[in-house]
Every structure is written in structure tokens, then in C-alpha cells.
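Colleague: Please find the sequence and the predicted model below.
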Amino acid sequence: MAMKPENPDFTYYYLGLPGNPKLLARSSTIPWEGIPIVDTPGGHEGPRGQAAKLAFVITHHPLRGKLDNGLRDNIRHVLATMQPCRWISVDYLRIGYNEVEQNNPVVILVTAEEDQVPRAEAERVVGAISSECRRADLPDVEVEVKEGRRAELAGGLPSDEPLIHPIDYPLVGASIAIAQKHTTVLGGCGTLGGYVLIDGKVMGLTNHHVAFGSSRLEAFPTQDEAPAGVSYTILQPAGKDIETKASLLKHHIKILEKDLARALVSTTRNPASYQQRISDVKRELQSLMEWTPEKSTLGKRWRSSGIRIRNGAKDRRFRLDWP
């Protein structure tokens, strides 16, 4: 049975996740009592002191095996009945407030297009998928439907979005790049496209230009690179995005310091609130600067196909990319 998110506090149900999406329906029967309060700010928006929700790739849970043994197809069959059929994606994650992955509930997260799916229909879909989970002997798996938007071409880092902290298995869409120590490679910055399992090893997917820049045409490794053991390190998040975020935070501090100066000579403003906000942003900036390449290493480049999707002008290679 799906719980109706009628409590106005559900506005911030996903606070901390990119875009703070809108919840349509959830299967959990545990009442949601609002955002937990923490000693230091955990969210990137909303009132100070509210914790931010975290999302993790599932590394250990029976759900992984059940999906490959028919549950994934059953979920797709349920989604095919959605009226209107405007779902965008299905993610299998652990979502919660605990920084330890295993301490957060497993959630099947369905994203539907904004303002397209009625809440009653979302509740029906949640109930149907929950029934499939129970039949698969997965009573602890929760189901949620939220609103979202289809991603267009990737752009710059939104100023109000958090960078995903370096973790072993970052979410799809996380900022990644080739390490700047590889001076022979020009550029190389983008996002993680997904995961595949090859010979028992988890591999990340991305486009050719993310790992090698837009100038290299050859597949990796070449006949010369393979015996020489040439390797390239991939970082998460990208150094460029860290620099961009740091610049935005520094600019924010300057604005707050100006507001503080005005508050100190004002009879209506509270200087303490500005001082606290400045302290919060400086703390976030300090944490960001601690993301050294050593801490941000995601893995090594394995190989690329060298197969182009289609040909194009040299300065437009990044738009006509390798898979």
C-alpha cells in the first residue's frame, strides 16, 4: 500500500539529492517525521541544521540477484501499464541520512516526468511494484515514485547543486575526469554513464572524450601502449568541477560578508545569522579543498572501442562521440 505524501513537510523529502525532486508516492508505512536536525548543516538548501539525504549504489543485498532473475522484467511490465506512461528511469539505491551505506534502506526509485503522472496513479504503481518485491521475498525493499526531468546535453555545474563526495561507487551522472597529472592528454571531463560487470569486475561507463579529451582518435590501449603498461587515472569528482564549485563558494562568502557589514550598522538585521552562514559556507569550502586527487581516485582507464558513432568536424568531436 502506498503512503500519500500529503504532509507539507514532504516538500523537502529529498533534500540533499540533486534538484530536491517532488515525491509522488512511497511504499514505506513508517511515518516520515520530517528532516532530521543535525549539529552542522548537511543540506545545500533549506533551513540551517537540516540533514541532507544521501544516495548510494547497492553493493550488497539480495535485490541484485533477484533483478537478474526476473524481477527487473516484472518491474518493467508494471511500468508499461502506467497511465499516462511517462516514467523516465528506475534506479536501485540505498537512500537515507546515514553516511554508512548499509545503514540506509534499499529503495526502488522510479522517476516520472514533472506534472504528468497523477498521485493516484503513482500510488498504484508503487503498490504493484511492492507486490512484485514481496513475491520475490524482498519485504524490506521500499518503492518510491518521484518527479524529474529528462536530461538534455550536459552543461556546466549548476551553482546550487552539490558535488557528490568521493565514494567507491558514485551515482550515475557523478562528475568524473582524467587526472591532470596526465599532461599528454588534452582535456577529459564529464560524467559517469553507468556500470557494467566484466569478468566479475565492476566497470564504469563514460564517453571517449571524458577519458581522453577530444583530440585523441585511437582506441585504448594501442599496440604500443598495451605492452608498456600505460594507464590513466580517473578522478571523481573532476578537478575542474571542484575549482568551479570553490569559486562559487568564495563568491558567496563575499556577498555574505557585505550583508554582514550592513547588518552590523542596522537596527533591524541580525548579524549573528550572517556570521553563522559565513561559517557554514567556509566549512563547506574547507571540506571541498580536502578532496585531493589521492582521495578522489575512482579507478584506472580500462579500454575504449575506438568506434565512432558517426563522423564530424574536428571541433565537434565531443558531440559525435565514441560509446
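Modeller: Yep, it's here. Numbering: from 1, shown residues only.

Colleague: could you show me where the strands are in this protein, in order?
Modeller: Secondary structure of the chain by DSSP state E: the strands cover 23-26, 54-57, 87-96, 106-113, 142-148, 175-178, 189-191, 194-198, 201-205, 233-235, 297-300.

Colleague: and the ones you listed, which is most packed in?
Modeller: strand 175-178 (a mean of 25; mean count of other CB atoms under 10 Å). For glycine as for every other residue, the C-beta is placed from the backbone atoms N, C-alpha and C.

Colleague: Export only the CA atoms of that one, formatted as CSV.
Modeller: Provided in CSV are the C-alpha atoms of strand 175-178 (Å, rounded to 0.1, in the frame of the first residue of the first chain):
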residue,chain,number,x,y,z
SER,A,175,31.4,14.3,-12.1
ILE,A,176,34.5,12.5,-13.3
ALA,A,177,37.6,13.4,-15.2
ILE,A,178,41.1,12.2,-16.2
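
Colleague: Other residues contacting that strand?
Modeller: Outside of strand 175-178, the residues within contact range by CB atoms under 8 Å, 6 or more residues apart in numbering are 157, 163-164, 170, 185, 188-192, 204, 206, 210-213, 232-241, 298, 301.

Colleague: what about P118, neighbour count?
Modeller: P118: 12 surrounding residues under other CB atoms under 10 Å.

Colleague: can you pull the pLDDT of the closest residue to P36 other than its chain neighbours?
Modeller: The spatial neighbour of P36 that comes closest, neighbours along the chain excluded (CB to CB, 6 or more residues apart in numbering), is A51 at 4.5 Å. For A51, the pLDDT comes out at 76.

Colleague: For P170, see how far away A51 is.
Modeller: Distance, A51 to P170, by CB to CB, to the nearest Å: 20 Å.

Colleague: among the contacts of strand 175-178, which are in helices?
Modeller: V210, A211, F212, G239, K240, D241 (DSSP state H).

Colleague: Please tell me I have it right and the third one contacts F220.
Modeller: By that I understand F212. Yes. Contact criterion CB atoms under 8 Å: F212 and F220 qualify, at 6.7 Å.

Colleague: Pull the contacting residues for Q275.
Modeller: L260.

Colleague: With neighbour numbers in mind, choose between A51 and P170.
Modeller: More crowded of A51 and P170, by other CB under 10 Å: P170, with 22 against 18.

Colleague: the residue most distant from the middle of the protein, which is it?
Modeller: Ranked by distance from the centre of the chain (CA atoms, centre = their mean), the top residue is T267, with 42.9 Å.

Colleague: Can you check the pLDDT for that one?
Modeller: With respect to pLDDT, T267 scores 80.

Colleague: same question, G42
Modeller: 41.

Colleague: Now do the helices in the stretch 1-150 of the chain.
Modeller: Secondary structure of the stretch 1-150 of the chain (DSSP state H, counting those that start in this stretch): helices located at 63-66, 72-80, 119-135.

Colleague: could you dump these to a markdown table with mean neighbour count and distance to L285?
Modeller: A markdown table is the format used below for the helices of the stretch 1-150 of the chain (neighbours: other CB atoms under 10 Å; distance: least, CB to CB, whole Å):
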| stretch | mean neighbour count | distance to L285 |
| --- | --- | --- |
| helix 63-66 | 15 | 37 |
| helix 72-80 | 15 | 41 |
| helix 119-135 | 19 | 39 |
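
Colleague: Among these, which comes closest to R94?
Modeller: Nearest to R94 among those is helix 63-66; the distance by CB to CB comes to 10.0 Å.

Colleague: State the distance from L24 to R124.
Modeller: Using CB to CB, L24 is found at 11 Å from R124.

Colleague: hmm, I was thinking of Y97
Modeller: Distance from Y97 to R124, by CB to CB: 28 Å.

Colleague: what does V110 give?
Modeller: Distance of V110 to R124, computed by CB to CB: 12 Å.

Colleague: Pass me the low-pLDDT residue ranges in the chain, would you?
Modeller: Filtered on pLDDT under 70, the chain yields the residue ranges 1-9, 37-50, 151-166, 180-188, 214, 308-323.

Colleague: mind giving me the domain split of it?
Modeller: According to automatic domain parsing, the chain comprises the domains 8-148, 175-237+293-319, 239-289.

Colleague: Would you agree I242 is in contact with P293?
Modeller: No. Between I242 and P293 there is no contact under CB under 8 Å: 10.1 Å.

Colleague: ok, the two, which is more surrounded?
Modeller: A direct count of neighbours by other CB under 10 Å for I242 and P293 places I242 higher, at 20 against 12.

Colleague: Quick one: closest of the strands of the chain to N69.
Modeller: strand 87-96 (14.0 Å).

Colleague: ok, that closest one: who's next to it in the sheet?
Modeller: Strand pairing for strand 87-96, determined by DSSP bridges: strand 54-57 (antiparallel), strand 106-113 (antiparallel).

Colleague: residues making contact with it?
Modeller: 17, 53-58, 61, 63-64, 67, 75-76, 79, 101-113, 117, 144, 148-150, 171-172.

Colleague: From H209, how far off is the closest residue to I75 other than its chain neighbours?
Modeller: Nearest non-adjacent residue to I75, counting by CB to CB, 6+ apart: I129, 5.7 Å away. Distance, I129 to H209, using CB to CB: 37 Å.
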